[in-house]
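>>> what follows is a protein structure lacking sequence information:
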(Lines give C-alpha, C1' and ligand atoms only; values in the text may rest on other atoms or scores of the structure.)
Protein backbone atom coordinates (compact mmCIF):
# COMPACT_ATOMS: atom_id res chain seq x y z
CA UNK A 1 0.00 0.00 0.00
CA UNK A 2 1.26 3.43 -0.95
CA UNK A 3 0.34 6.46 1.11
CA UNK A 4 0.09 10.08 0.04
CA UNK A 5 2.93 10.79 2.45
CA UNK A 6 5.24 8.24 0.82
CA UNK A 7 4.38 9.58 -2.64
CA UNK A 8 5.20 13.11 -1.49
CA UNK A 9 8.48 11.83 -0.03
CA UNK A 10 9.32 10.32 -3.44
CA UNK A 11 8.48 13.62 -5.12
CA UNK A 12 10.75 15.51 -2.71
CA UNK A 13 13.58 13.02 -3.31
CA UNK A 14 13.25 13.34 -7.10
CA UNK A 15 13.29 17.14 -6.87
CA UNK A 16 16.38 17.00 -4.68
CA UNK A 17 18.10 14.66 -7.15
CA UNK A 18 17.27 17.09 -9.96
CA UNK A 19 18.85 19.94 -7.99
CA UNK A 20 21.89 17.81 -7.28
CA UNK A 21 22.28 16.91 -10.96
CA UNK A 22 22.14 20.56 -11.95
CA UNK A 23 24.79 21.40 -9.34
CA UNK A 24 26.97 18.51 -10.53
CA UNK A 25 26.69 19.74 -14.10
CA UNK A 26 27.57 23.30 -13.10
CA UNK A 27 30.61 22.01 -11.19
CA UNK A 28 31.72 19.88 -14.14
CA UNK A 29 31.27 16.57 -12.29
CA UNK A 30 28.87 15.16 -14.89
CA UNK A 31 28.29 15.67 -18.60
CA UNK A 32 25.39 17.56 -20.13
CA UNK A 33 24.25 14.31 -21.76
CA UNK A 34 24.16 12.48 -18.41
CA UNK A 35 22.27 15.35 -16.79
CA UNK A 36 19.76 15.59 -19.65
CA UNK A 37 19.09 11.84 -19.67
CA UNK A 38 18.62 11.60 -15.92
CA UNK A 39 16.49 14.76 -15.75
CA UNK A 40 14.20 13.37 -18.47
CA UNK A 41 13.73 10.20 -16.44
CA UNK A 42 13.05 12.18 -13.28
CA UNK A 43 10.48 14.34 -15.07
CA UNK A 44 8.64 11.23 -16.29
CA UNK A 45 8.69 9.75 -12.80
CA UNK A 46 7.46 13.01 -11.25
CA UNK A 47 4.58 13.13 -13.74
CA UNK A 48 3.61 9.60 -12.70
CA UNK A 49 3.78 10.48 -9.00
CA UNK A 50 1.68 13.64 -9.39
CA UNK A 51 -0.83 11.69 -11.47
CA UNK A 52 -1.08 9.04 -8.76
CA UNK A 53 -1.65 11.67 -6.07
CA UNK A 54 -4.44 13.26 -8.14
CA UNK A 55 -6.05 9.88 -8.79
CA UNK A 56 -5.87 8.96 -5.09
CA UNK A 57 -7.64 12.23 -4.26
CA UNK A 58 -10.28 11.53 -6.93
CA UNK A 59 -10.91 8.13 -5.32
CA UNK A 60 -11.35 9.81 -1.92
CA UNK A 61 -13.65 12.47 -3.41
CA UNK A 62 -15.79 9.70 -4.91
CA UNK A 63 -16.02 7.95 -1.53
CA UNK A 64 -13.74 5.15 -2.69
CA UNK A 65 -10.55 3.69 -1.26
CA UNK A 66 -7.54 5.74 -2.47
CA UNK A 67 -5.44 2.56 -2.32
CA UNK A 68 -7.40 1.35 -5.36
CA UNK A 69 -5.48 3.91 -7.46
CA UNK A 70 -2.43 2.35 -9.05
CA UNK A 71 0.53 4.00 -10.80
CA UNK A 72 0.06 4.32 -14.54
CA UNK A 73 2.74 3.92 -17.17
CA UNK A 74 4.63 6.93 -18.51
CA UNK A 75 2.86 6.41 -21.82
CA UNK A 76 -0.55 6.62 -20.16
CA UNK A 77 0.34 9.67 -18.09
CA UNK A 78 2.07 11.53 -20.92
CA UNK A 79 -0.68 10.65 -23.41
CA UNK A 80 -3.49 12.05 -21.27
CA UNK A 81 -5.28 14.90 -23.00
CA UNK A 82 -7.96 15.87 -20.52
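Yep, it's here. Quick caveat, the model's predicted, so the values are computed rather than measured. Numbers count the residues shown, from 1 in each chain.

>>> how far away is residue 21 from residue 66?
31 Å (Cβ to Cβ, to the nearest Å). C-beta: built from backbone N, CA, C; applies to glycine.

>>> cool, residue 46 as well?
From residue 46 over to residue 66 (counting by Cβ to Cβ), the distance is 19 Å.

>>> who's more crowded, those two?
residue 66 (19 against 16; other Cβ atoms under 10 Å).

>>> who's in contact with that one?
With contacts defined as Cβ atoms under 8 Å, 6 or more residues apart in numbering, residue 66 is in contact with 4, 56-57, 59-60.

>>> ok, then the element right after the lengthiest helix in the chain?
Scanning the chain for the helix with the most residues, using DSSP state H, yields helix 32-61. Following the chain from helix 32-61 toward its C-terminal end, the next helix or strand by DSSP states H and E is helix 74-78.

>>> point out where the protein drops to low pLDDT.
Within the chain, the set of residues satisfying pLDDT under 70 comprises 1, 80-82.

>>> contact partners for the spatially closest residue to residue 78 that is not a sequence neighbour?
Nearest residue to residue 78 in three dimensions, chain neighbours excluded: residue 47, at 6.6 Å (Cβ to Cβ, 6 or more residues apart in numbering). The contact partners of residue 47, taken as Cβ under 8 Å, 6+ apart, are 74, 77-78.

>>> tell me the SS of the residue lying closest to residue 38 once chain neighbours are set aside?
The spatial neighbour of residue 38 that comes closest, neighbours along the chain excluded (Cβ to Cβ, 6+ apart), is residue 21 at 5.6 Å. Judged by DSSP: H, G, I helix; E, B strand; the rest coil, the three-state class of residue 21 is helix.

>>> report the contact partners of residue 21.
Residue 21 sits next to 30, 35, 38-39, 42 when contact means Cβ under 8 Å, 6+ apart.

>>> give me the buried subset of those.
For these, a burial check counting by 16 or more other Cβ atoms under 10 Å picks out 30, 35, 38, 42.
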